[in-house]
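**Student:** Predicted coordinates and the sequence they were generated for:
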2 protein chains.
Amino acid sequence: MPETTPALLPRDTVLTVRDTCLCLATQRAARRLARRFDAALRPFGLTNGQFSLMVALNRPEPPPMGRLAPFLGMEPSTLTAAVKPLARRGLLAVEPDPEDLRSRRLRITPEGVALMRGAVAVWRGAHAALEAELGAGTPDALRRGLAEIG
Amino acid sequence: MPETTPALLPRDTVLTVRDTCLCLATQRAARRLARRFDAALRPFGLTNGQFSLMVALNRPEPPPMGRLAPFLGMEPSTLTAAVKPLARRGLLAVEPDPEDLRSRRLRITPEGVALMRGAVAVWRGAHAALEAELGAGTPDALRRGLAEIG
DNA sequence: GCATTTTAGTTTGATACCAAAGTAACTGTG
DNA sequence: CACAGTTACTTTGGTATCAAACTAAAATGC
């Protein structure tokens, strides 16, 4: 009797992956949350990712890209691309660091601050609504757990 | 004295968003996990998302796309695009459902099963390594919390 | 049975994301 | 002060993701 390739993998293997994979669970939640916050922020012409980036710029010293990328969990090349539309709209300015000409600092502009004033208010509402939908300890448990991955 | 636009938003506002936003925390972790699993699965030519999709096909009845999209937390249009490279490689087949000609079922092929055999083994190792890096109750806490968002 | 509505999926156009390779500036060593 | 190595970012090419508009089939209503 010849060896035959089973038509499928073992059933329990599949269930294990499906029910335990933290990567899948995170991607799925990330897609859902992205759509949700993208929708809330649409009136400002900002995506959730653009909002997070703009928030990160809101500090006295404009941070260099090299610090922002790890903060956002993204690769430098992704940040380079993400900056472009925001710079084009005048919401942030890219400034070479005089101390190190390789480094570029991202400074939020007054237009950016003005836009973010409204966006932050909307974020507050959207986030409160989200937390209200989750169980009592869930938001904190998620924040703690997700921070461990970072 | 004229009204002036402050140069920045209030500092605590920014800190609140930065430290509590579940959307940001999830996107950040999702990026990091995606890179990690993409790297582990690279020998099979699969991304983490392709792996998850292939796993979901591993059931006696090939599931219709309409069930897969919610399972993966993605929009139907994204699933349509995701199917193409896998179908091109012969890892899955798109079959119109005879009962409902609008619906398309995705069937994993023997080639797909063969590839996934190795990929699942690698996933097991990668996932065990990830869990080992996290605190004792963290993986379960994350699974529970992320499932609430789904 | 035919028109309307709903449902399943696709297409299009735009942004997001990454790896790999490239450029330019800094650093350290001899 | 060269020059080798490193660091900061960019470019390129490819996939991922979505919203909005579209197509086609099924279900509903009359």
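**Tutor:** Structure received.

**Student:** How about stretch A:29-47, which residues are buried there?
**Tutor:** Going by neighbour count (16 or more other Cβ atoms under 10 Å in any protein chain shown), the buried part of stretch A:29-47 is A:29-34, A:36-38, A:40-41, A:44, A:46-47. Heads up, the C-betas are built off the backbone N, CA and C, glycines and all.

**Student:** Let's have these in TSV, adding secondary structure, distance to chain B and pLDDT.
**Tutor:** Formatted as TSV, these follow (DSSP: H, G, I helix; E, B strand; the rest coil; distance: Cβ to the nearest Cβ, whole Å; pLDDT from 0 to 100):
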residue	secondary structure	distance to chain B	pLDDT
A:Ala29	helix	4	96
A:Ala30	helix	4	96
A:Arg31	helix	4	96
A:Arg32	helix	5	95
A:Leu33	helix	4	96
A:Ala34	helix	7	95
A:Arg36	helix	8	95
A:Phe37	helix	5	95
A:Asp38	helix	9	94
A:Ala40	helix	10	93
A:Leu41	helix	10	94
A:Phe44	helix	14	93
A:Leu46	coil	12	93
A:Thr47	coil	10	94
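
**Student:** Show me which pair in these is furthest apart.
**Tutor:** Spanning the widest gap among those are A:Ala29 and A:Phe44, at 23.3 Å by Cβ to Cβ.

**Student:** Hmm, A:Ala93 is touching A:Thr109, no?
**Tutor:** Yes. Counting by Cβ atoms under 8 Å, A:Ala93 touches A:Thr109, with 5.7 Å between them.

**Student:** ok, and what's touching the longest helix seen in chain A?
**Tutor:** The longest helix of chain A (DSSP state H) is helix A:110-133. With contact meaning Cβ atoms under 8 Å, 6 or more residues apart in numbering or on different chains, helix A:110-133 is reached by A:33, A:36-37, A:40-41, A:43-44, A:46, A:51, A:54-55, A:57-58, A:86, A:89-92, A:108, A:139, B:5-9, B:13, B:17, B:20-23, B:148.

**Student:** Alright, calling it a day.
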